[in-house]
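Q: Model the structure of this input:
(chains A and B)
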Amino acid sequence: MFAYYLDLALRSLRRNKALTALMVLAIALGIGASMTTLTVLHVLSGDPLPGRSAQLYYPQLDPRDMGDYQPHDEPPDQVTWIDGMNLLQAKRADHQALMTGGSVAIQPTQSGLDPFFQTARYTTADFFPMFGVPFRYGHAWGAAEDAASAGVVVISSKLNDKLFGGRDSTGRMLRLEGHALRIIGVLGDWRPNPHFYDLNVKNYGENEGVYLPLSTSQDLHLAHLGGADCWGNGGDDATHTAPCVWLQFWVQLDTPPQAAAYRQFLIHYSQEQKSLGRFLRPPNVRLRNLTQWLNYKHVVPGDVRLQTWLALGFLLVCLVNTVGLMLAKFMRRAGELGVRRALGASRRALFTQLLVESGVIGLAGGLGGLLLAYLGLWLVRRQPTDYALLAHLDGAMLLMTLVLAVGASLLAGVLPAWRACQIAPGLQLKSN
Amino acid sequence: MDILPILSTLRRHKVTAWLLILEIALTCAIVCNAVFLIHQRLQRMDIPSGIAEHDLLQIKFGYIGNRPDAYAQAQTDLTTLRQIAGVQAVALVNQLPLSGYSMSNSGIKLRPQQQQNSLEVASYYGQNLLATLGVRLIAGRDFQPEELVDLKTALPALHSDDLKNLPHTVIIDEEVAARLWPGQNALGKTIYFGNDIPMQVVGVSSPLARPTMLQMGAQNSIVFPIRLTAAEGGSYVIRTTPQDRQQVLKSAVAALKRMDPNRIVLEQRTYDELRHRYFQNDRAMAGILVGVIVALLIVTALGIVGLASFWVAQRRRMIGVRRALGATRGDILRYFQTENFLLATIGIALGMLLAYGINLFLMLHYELPRLPAVYFPIGAVLLWVIGQLAVLGPALRAAAVPPVVATRSV
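A: A predicted model of the protein is given here:
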């Protein structure tokens, strides 16, 4: 029966090519625009570390003075050197890492390569096991290297490709800001997006090329990159004693009771610091997990959300348009439908037949929309934004495109099909 | 033209008529808001930076390792740059308006011990800044050479509350003066920074835009008498003439690299390029919005063509009868045009309400201002015109129906 309806649908669609093309085009345009923006939204609001993000937390403290104090202020987005070190050494979590961003000049020893700048991450050792960072060669450093400010470095596979042609470079030396550091590891393919652990540098895009112990970066006076928020007489500099927050501190807490205990610890720590006179404000702590942190920081650009709303509005107009055109088309065939009714087809059968027809339109529109979405994403990738290169259609979104297209056109077909089935067969036969 | 017969015909096609009205209403609502959004973006992109944009070049370096000789190097660099043909002035500054990356902001207080800052401003500093950027002094004076403090001295002094080694004077721009002391003379007044560090206003400049965060007041900037070096993140800014820019940029970079080959060029560009880059997202968004408006209008127009054609085909008998009874072609044409005008008008009226609703939603989520009433007529006229153009083809076909159709049975 379905095959017969399909045949009828194709015949009917072929009979009025202009109208069919119009409907398919309207659905394709609406679906193409919606899928382009939904894909961008989907990619940008993705989980950077699937399977781990629920256990990662970002503690926030409020070490500021009473200037500009307001009772319900959010605490700063980063921590000071002193608080970071205190929390790190307290070791109250399963894993904890203190880190900040940097920018270092790399001086390749190979001839033909000019010195160049590379973004760097200065961090303590837990960064790698806590975030599940994969290694292609070698391994991460440990607590001993952190304590000794060892001259070791881990590089990204991209930097390894550039400097060593992708070969195992562990054990070789990397010249950096006039210092020689020993390469102990090369990262595998690791590109968490958004760049959740430090949103001060950027929200999306490539990861750092160079990773080295925080203690080493301080000993070598390597340049800090990213925001430093200061109060009182803090300038803009990231130093150990300045009243400035410039470091990120992440912890891994495996169970909700552990997280609750850690929050208590943060409050207790704030009270202790207040009684010591270091903190002036009442305890003001937050313990957001990774997802809450990304939401709090509004990491998905407002423009992308706006574009999604715009595209959905456009899809709605296209659908209303399709409903109108289908209604016109079905009502025009009142005679044919009347004959079928008179010959014994039930209303239900007619309804199914008409829905099959709208489904065919939807499928054609969906395929057209898919092409338009590929075109749209190609245009997005040419935009100069930092997320541009991430905009790709994955399997789930591809399936969703077709489901959305067929679903939307079936929905658009319900009213016209129902109206067409209400026709009294006798009346139609008489008038002809 | 009598509209009553039109209304009674439409009443028999209620569903189709309402669908068309709904489509027009949705399109009108989205178009009104989209045009408003485009205007907002264009307005943003029009913000004056307050500097001689077309005359300026920026060169920024990255350095390898620590530079103890940075201050001496900065002076020789500046001297070298001044000697290049076509160079009118040279500065070494911490940041530039609309560069998108803010190196320095300050909170201003009007009294010591004040709890809240009176104003958050962008703080500029560097050598020879106002003259090179082309920022005019409206009142007071520019800094004297002996007033300038080195950044490497000022930063430690700031942390240790050492007032002697900090600057004592500041130049504020007109907008800051107007916000802090409306209607008064700002010269000679004292403002306080950080832990009540006093500084006296010695000059008021023409408005100077911030590097970023324009929503905090686009032209709220002040200038400190502080010297910095390229190794501390400063940029060389060269003033020349628009036609000499490329030539001067090339020779300046070459001369600086010759002075010290051991540095990496991070930026070498005209100020126009910098500004273009700052607004690239707004430009892209405006482009997308224009695309959506065009696509919406096309889809709506095609929808009107489709439905009107259907109606014309359905009413062939009726048209034929009317023609046979003496209606002219013009009457038939006007009939369909009036019908479309009626539907468009109802749609536009609904669209206005919907546009207002969408605007309320956007105000809630995207910090947009209220939709000004001037945008409503724009949407209305657009849809009337589109409706009339779309219906013209089917209406002409209707007018071409010969009266003899009335006598045929099918």
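
Q: when you scan the helix or strand encompassing residue A:400, is anything in it near chain B?
A: Residue A:400 belongs to helix A:395-421 when elements are defined using DSSP states H and E. Yes: judged by Cβ under 8 Å from any Cβ of the partner chain, helix A:395-421 and chain B are in contact via A:415, A:419. (Each C-beta comes from the backbone N, C-alpha and C, glycine too.)

Q: Run through the residues of the stretch 1-150 of chain A sitting next to chain B.
A: Within reach of chain B by Cβ under 8 Å from any Cβ, the stretch 1-150 of chain A has these residues: A:19, A:22, A:25-26, A:29-30, A:33, A:66-69, A:103, A:105, A:107, A:114-117.

Q: all helices for the stretch 51-200 of chain A, in order.
A: With DSSP state H, counting those that start in this stretch as the definition, the stretch 51-200 of chain A shows helices at residue ranges A:81-90, A:127-131, A:143-148, A:157-164.

Q: highest average neighbour count across the ones you listed?
A: Among the helices of the stretch 51-200 of chain A, ranked by average contacts under mean count of other Cβ atoms under 10 Å in any protein chain shown, first place goes to helix A:127-131 (a mean of 21).

Q: Any idea which residue of the stretch 151-300 of chain B lies closest to chain A?
A: residue B:194 (4.3 Å; Cβ to the nearest Cβ).

Q: surely that residue meets residue B:158?
A: Yes: using Cβ atoms under 8 Å, residue B:194 is in contact with residue B:158, at 6.9 Å.

Q: Of the two, which one has the most company?
A: Taking neighbours as other Cβ atoms under 10 Å in any protein chain shown, residue B:194 and residue B:158 compare with residue B:158 leading, 24 against 20.

Q: Three-state assignment for that one, please.
A: Here residue B:158 is helix, with the state taken from DSSP: H, G, I helix; E, B strand; the rest coil.

Q: likewise residue A:348?
A: Taken by three-state DSSP, the conformation at residue A:348 corresponds to helix.

Q: related to what we said a few turns ago, what are the buried residues along the helix holding residue A:400?
A: Neighbour counts over helix A:395-421 (16 or more other Cβ atoms under 10 Å in any protein chain shown) mark A:397, A:400-402, A:404-406, A:408-410, A:412-413, A:415-417, A:419-421 as buried.

Q: What of stretch B:250-270?
A: For stretch B:250-270, the neighbour count (16+ other Cβ under 10 Å) marks B:251-253, B:256, B:263-264, B:266-270 as buried.

Q: as a whole number, average confidence for it?
A: Averaging pLDDT along stretch B:250-270 yields 90.

Q: give me the residue from the stretch 1-150 of chain A nearest chain B.
A: Closest point on the stretch 1-150 of chain A to chain B, by Cβ to the nearest Cβ, is residue A:105, at 4.2 Å.

Q: Look up which residues are beta-bridged to that residue.
A: Counting by DSSP bridges, residue A:105 is bridged to residue A:117.

Q: now the helices for the stretch 151-300 of chain B?
A: B:151-159, B:174-180, B:245-259, B:271-278, B:280-314.

Q: Tell me the helix or strand right after the last one.
A: Spelled out, it's helix B:280-314. helix B:316-324.

Q: Buried residues, the helix or strand containing residue A:29. List them.
A: Assigned by DSSP H and E, residue A:29 belongs to helix A:17-44. For helix A:17-44, the neighbour count (16+ other Cβ under 10 Å) marks A:19-20, A:22-44 as buried.

Q: How about stretch B:369-387?
A: Result for stretch B:369-387 [16+ other Cβ under 10 Å]: buried residues B:371, B:375-376, B:379-380, B:382-384, B:386-387.
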